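> This is a predicted model, with the sequence first.
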There are 2 protein chains.
Amino acid sequence: MSDALVIGLDIGGTSTRALVATLAGDRVGTGTAGGGNPTSHGAEAAAAELGKALSEALAATDPTRVRAGVIGIAGVARLLADPASRAAFERTWADAGLRCPYEMIGDALVAYASGTASPDGSVLISGTGAIAVTIRGFALDRVSDGHGWLLGDAGSGFWLGREAVRATLAAMDAGRPLGRLSRAVVTTLLHAETSATSVGRGDLGALSARDQVDVLVQRVTRRPAVELAKLAPLVIAAQADGDPTANALVAEAARLLTDSVARIRDPGDPSPIVLAGGLLVGQTPLAAAVERELSARWPDAPRPHASDGAAAAAWLAARPQLTPTEAAALHTRLFP
Amino acid sequence: MSDALVIGLDIGGTSTRALVATLAGDRVGTGTAGGGNPTSHGAEAAAAELGKALSEALAATDPTRVRAGVIGIAGVARLLADPASRAAFERTWADAGLRCPYEMIGDALVAYASGTASPDGSVLISGTGAIAVTIRGFALDRVSDGHGWLLGDAGSGFWLGREAVRATLAAMDAGRPLGRLSRAVVTTLLHAETSATSVGRGDLGALSARDQVDVLVQRVTRRPAVELAKLAPLVIAAQADGDPTANALVAEAARLLTDSVARIRDPGDPSPIVLAGGLLVGQTPLAAAVERELSARWPDAPRPHASDGAAAAAWLAARPQLTPTEAAALHTRLFP
């Protein structure tokens, strides 16, 4: 078993990462490629990125030494239901010289395993969308939200961006002076398309109050709704600068995200809650607010942050071959 | 002046109505045609419906006796900015034998004037969308909301429908038994398209909890978002049956609508607040809840309901030719 290897892949919308490691936690190869989700990129393009990441990670290694593989990817159920994507992935896997089977799992489980070695717990993800999942025995147990921007994703980047615009429009309707967040929203929306419209950046002030409102509404509604998520960083920045509207939105987002967890998790459950997604990984104000809310409801639950997804996938590939003590030691080694 | 006539038109998305009346309030002709908004129907089709309503209303009358006309229509600014629509309307007006000029005004002002003869006041409209407007001297003064379903329309039919689905999804995520409203939402969404999908009406129960949620989300997101407004009657019906979720949604919608008015109206203002739109005209539970909220904030303000738009347009056409006392008397006659 000492020379056995495992491989883990984390396939995202903008990048694909691979890690080859020993069961002791030595990293023997890494690979990076572009976004490789068949749903957004097509089966062949996605498989090509997977192949690039695999060949990089396996460049200095005999691929037949790899005993197990895990691929973490969003929308795994949809992918498994698509024969073309499955065939392209299987062919690419074999072409890389790999002889072991691989398991495909959802990105939520990968994010969870990057934060904890506990078989049971929860993961809360807030990025463009938002979802909470409970995990039991390293398998998905229950899911809350993830319903998409029209019906859900409460407390997500989309939600923050939309609420920032709504607060700005309400202030303009009321004729109130615009605060820091609202001024940033107006500036960003006017900059967003200076060529495609007759109202340029500088001349909003020349319009009546109602026409200003109409211009902003048009700027948003002419583009895909999900692009409202791009305004989320304005909320985070304005909150750090003490803007009261941004502060209220961050607090409300934290409350909504915590409500989402509470829907599928028992009060007092001491198992870990992993924080994941662009808005919760790192020391963001939203992460801090969410941690406060979570600690109030589940005071005994650790709240680790998600980290390296490829390492988490490799760890999940190794875990069935290890005792619980060995698995915990490997996790500590991979996520120091 | 005794044989002078006025004409009023109320052009909506699904019908066009015309009224010819004397300055004393005698109705001398009415006309009805299909939806006539150039924005949704095209300039020529809209003008054809206008022509049908005009010729019906003027069938028994010498059109040269008509001294003034008002056309109430949604999106009047957009219409006035479109030369083709303006030309088609002007030609149709002349073809009907009318020699007087006409004024085009927004549907909010028409709704307002159908509820009150006061030159200053507010009108609150909740239908598919939602908007509040203050009126000063029978002209638009300030506007609140009307920002469309993505960014606004708080308390509208769209809002009620979306929140009904959101409450249903939250209950399903939490594994709670579904109440009356949520059961109605599930049944309606599954009935909505039985042929175009592999999951028919009866077999939702065969799916896992998460798959049930996914099916409902897909049923909504595959169709135009604004169709969520079609679920609003389910909320109204469930509220009448005592469903607590529906009750909370109706109360919240009433609060949001009242907030919208408060953004553009001074506290204690005693001028009338006209209730308009499909969700507020008539004795609906939402109208009752809105009246309670409005009376708490503006206890001295009358709260009339909007009624006949064509009569309101005719009254607005007559008003400049009358003393305030005569105008008030004509209003009482037209809206008994």
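That came through, no problem.

> So which bits of chain A are right by chain B?
With CB under 8 Å from any CB of the partner chain as the criterion, chain A meets chain B at residues A:142-145, A:147-148, A:150-152, A:162, A:165-166, A:169-170, A:173-175, A:209-210, A:213, A:217, A:220-221, A:225, A:260, A:263-264. For the C-beta atoms, the positions are set from N, CA and C on the backbone; glycine is no exception.

> so for stretch A:219-234, what's the average pLDDT?
In this model, stretch A:219-234 has an average pLDDT of 93.

> meant to ask about stretch A:18-31
Stretch A:18-31 comes out at a mean pLDDT of 96.

> could you dump that stretch to PDB, C-alpha only?
Output of stretch A:18-31 as PDB, limited to C-alpha atoms (Å, rounded to 0.1, in the frame of the first residue of the first chain):
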ATOM      1  CA  ALA A  18      -6.100  18.000 -10.100                       C
ATOM      2  CA  LEU A  19      -4.000  16.500  -7.300                       C
ATOM      3  CA  VAL A  20      -2.100  13.200  -7.200                       C
ATOM      4  CA  ALA A  21      -1.100  12.200  -3.600                       C
ATOM      5  CA  THR A  22       0.100   9.200  -1.600                       C
ATOM      6  CA  LEU A  23      -2.000   7.800   1.100                       C
ATOM      7  CA  ALA A  24       0.400   9.400   3.500                       C
ATOM      8  CA  GLY A  25      -0.400  12.800   2.100                       C
ATOM      9  CA  ASP A  26       2.600  13.500   0.000                       C
ATOM     10  CA  ARG A  27       1.700  15.600  -3.000                       C
ATOM     11  CA  VAL A  28       3.300  14.000  -6.100                       C
ATOM     12  CA  GLY A  29       1.600  15.900  -8.900                       C
ATOM     13  CA  THR A  30      -0.800  18.800  -9.500                       C
ATOM     14  CA  GLY A  31      -2.500  20.000 -12.600                       C
END
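
> Now do it: distance to the chain's middle.
From the chain centre to the centre of stretch A:18-31 is a distance of 23 Å (CA atoms, centre = their mean, to the nearest Å).

> contacting residues around it?
The list of residues contacting stretch A:18-31 from outside it, by CB atoms under 8 Å, 6 or more residues apart in numbering or on different chains, reads A:1-10, A:16-17, A:32, A:52-61, A:66, A:308, A:310-311, A:313-314, A:318, A:321-322, A:326, A:329-330, A:333-334.

> Tell me which residues of that stretch come out buried.
A:18-23, A:25, A:28-31 (16 or more other CB atoms under 10 Å in any protein chain shown).

> List the contacts of residue A:253.
Shown in contact with residue A:253 (CB under 8 Å, 6+ apart): A:126, A:154-156, A:159-160, A:286, A:289.

> which SS class is it?
Under DSSP: H, G, I helix; E, B strand; the rest coil, residue A:253 falls in the helix class.

> Show me where chain A has its strands.
For chain A, the strands defined by DSSP state E cover A:5-11, A:15-22, A:27-34, A:66-73, A:102-106, A:121-126, A:130-136, A:139-145, A:273-276.
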